[in-house]
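Sequence and predicted model, in that order:
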Amino acid sequence: MQLELAQIPLVDGVVAPNLARTLDAIGKRRAGTDLMVFPEATLTGFPTRENVRDVAETLSGPSLSAVRDAARNANVAVAVGLAERDGERFYNTTVLVDERGEIALRYRKTHLWATDVGVFTPGDRFEVCEFKGMTVGLLICYDIEFPETARALGMLGAETLVVTNGNMDPFGPVHRRAIVARAMENQMFAALVNRIGDGDDNLTFPGESALISPFGDVLAELKNQDAVLPVTVERALLAQSREHYSYLHDARVALNLVDENDTQGRRSLNIRERTTR
């Protein structure tokens, strides 16, 4: 599967320049590309409590509709983010739009960063879809700092993890370490795409987008340049990484850690098998 990691700058709270840059990148996609991945909140940038009602759109809104049309015309799938309006609630959402312009997968960020709180409602589920012979799952930025998120997708059969990212300095290295761990511990590919340039509140986004193998190796990466990086996901690496062992199979997930005190007041964590009824 051929991917393009679109590490581009965004404008927070203003749709028009972000949409224009996204459509331009889609129009310039390389021959043979199956999926283009953009940063977190691609179309809207990060809204605030004050402007989220003005910026957010439904999934049938004009911005995402324009992206869907562009994807269809270019015959390429895209993963893009936006502030999603759903009634009186707002979500930090990423959608995977397939090459026919259809929404194949929607994911609402489940773990809200400090600046998300009070703006967005957290999502409540993890899902995967089949795309180009691979099972694909989505996460957003802060999500990847929690091992349980990628493991949940792994348990759903995910083979490729796509992460739309909006991680700022000085935290860039945190996500580069986390994405390697998430790929290795679940034996899946992980494509991380961060934004670049300056944002509101004097924030600087360092880029550092990358494709990670199921072994945890960095297969391709960008530094802090405004660029689109072509990468290849080779299915054979999945089989190789799982040939001798499977973390998902071997993990003893049906365990409890029980906090106990002995007669001398010493504390210990004892492992017990959970029982089901």
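Sure, I can see it. Note that this is a predicted model, so its numbers are computed, not measured.

the bottom helix or strand of this structure by mean pLDDT?
strand 267-273 (a mean of 59; mean pLDDT, DSSP states H and E).

Please enumerate the helices of the stretch 151-277 of the chain.
Shown for the stretch 151-277 of the chain, the helices assigned by DSSP state H, counting those that start in this stretch span residues 172-186, 235-241, 247-250.

now these as JSON lines including mean pLDDT and distance to E50?
For the C-beta atoms, the positions are set from N, CA and C on the backbone; glycine is no exception. Putting the helices of the stretch 151-277 of the chain into JSON lines (pLDDT from 0 to 100; distance: least, CB to CB, whole Å) gives the following:
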{"stretch": "helix 172-186", "mean pLDDT": "93", "distance to E50": "27"}
{"stretch": "helix 235-241", "mean pLDDT": "94", "distance to E50": "45"}
{"stretch": "helix 247-250", "mean pLDDT": "89", "distance to E50": "43"}
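
Packed most tightly, which of those would that be?
Ranked by mean neighbour count, those are led by helix 172-186 with a mean of 20 (mean count of other CB atoms under 10 Å).

Pull the residues that contact that one.
141, 144-145, 147, 149-151, 153-154, 158, 161, 163, 165, 167, 188-190, 192, 194, 206-208, 210, 212-216, 218, 247-248 (CB atoms under 8 Å, 6 or more residues apart in numbering).

Low-confidence ranges, the protein, go.
Flagging of the chain using pLDDT under 70 yields the residue ranges 254-277.

Grab the most central residue of it for me.
When CA atoms, centre = their mean is applied to the chain, the residue found nearest the centroid is V163 (2.0 Å).

Tell me who's in contact with the nearest residue to it once chain neighbours are set aside.
Here the nearest residue to V163 in space, its sequence neighbours aside, is L192; by CB to CB, 6 or more residues apart in numbering that works out to 4.5 Å. Counting by CB under 8 Å, 6+ apart, L192 touches 144, 163, 165, 175-176, 179, 208-212.

Distance to G123 added to those, as TSV?
Written out in TSV, the entries for the contacts of L192 read as follows (distance: CB to CB, whole Å):
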residue	distance to G123
I144	14
V163	14
N165	16
H175	19
R176	24
I179	20
E208	25
S209	23
A210	24
L211	25
I212	23
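
hang on, the earlier thing: so the residue nearest to the centre of the chain bridges to which residues?
When bridges are taken as DSSP bridges, the partners of V163 come out as L139, L192.

what sits against it?
With contact set as CB under 8 Å, 6+ apart, V163 has these partners: 138-141, 143-144, 179, 190-193.

which of those residues lies closest to S60?
Of all the contacts of V163, L138 has the smallest distance to S60: 19.4 Å, by CB to CB.

What distance do you get for the closest one to T42?
The gap separating L138 from T42 is 13 Å, by CB to CB, to the nearest Å.

So those two - more neighbours on which side?
When L138 is set against T42 and neighbours are counted by other CB atoms under 10 Å, the residue ahead is T42, at 30 against 27.

Relative to I103, how far out is the more buried one?
Applying CB to CB, the value for T42 to I103 is 14 Å.

separation between E4 and H249?
33 Å.

er, L192 actually
Spatial separation of L192 from H249 under the definition CB to CB is 26 Å.

Start and end of stretch 126-144, how far apart?
For stretch 126-144, the separation between the terminal residues is 13 Å (CA to CA, to the nearest Å).

picking up where we left off before, let me have the contacts of V163 in TSV, extended by distance to N51.
Converted to TSV, the contacts of V163 look like this (distance: CB to CB, whole Å):
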residue	distance to N51
L138	25
L139	25
I140	20
C141	20
D143	24
I144	27
I179	30
A190	32
A191	30
L192	27
V193	24
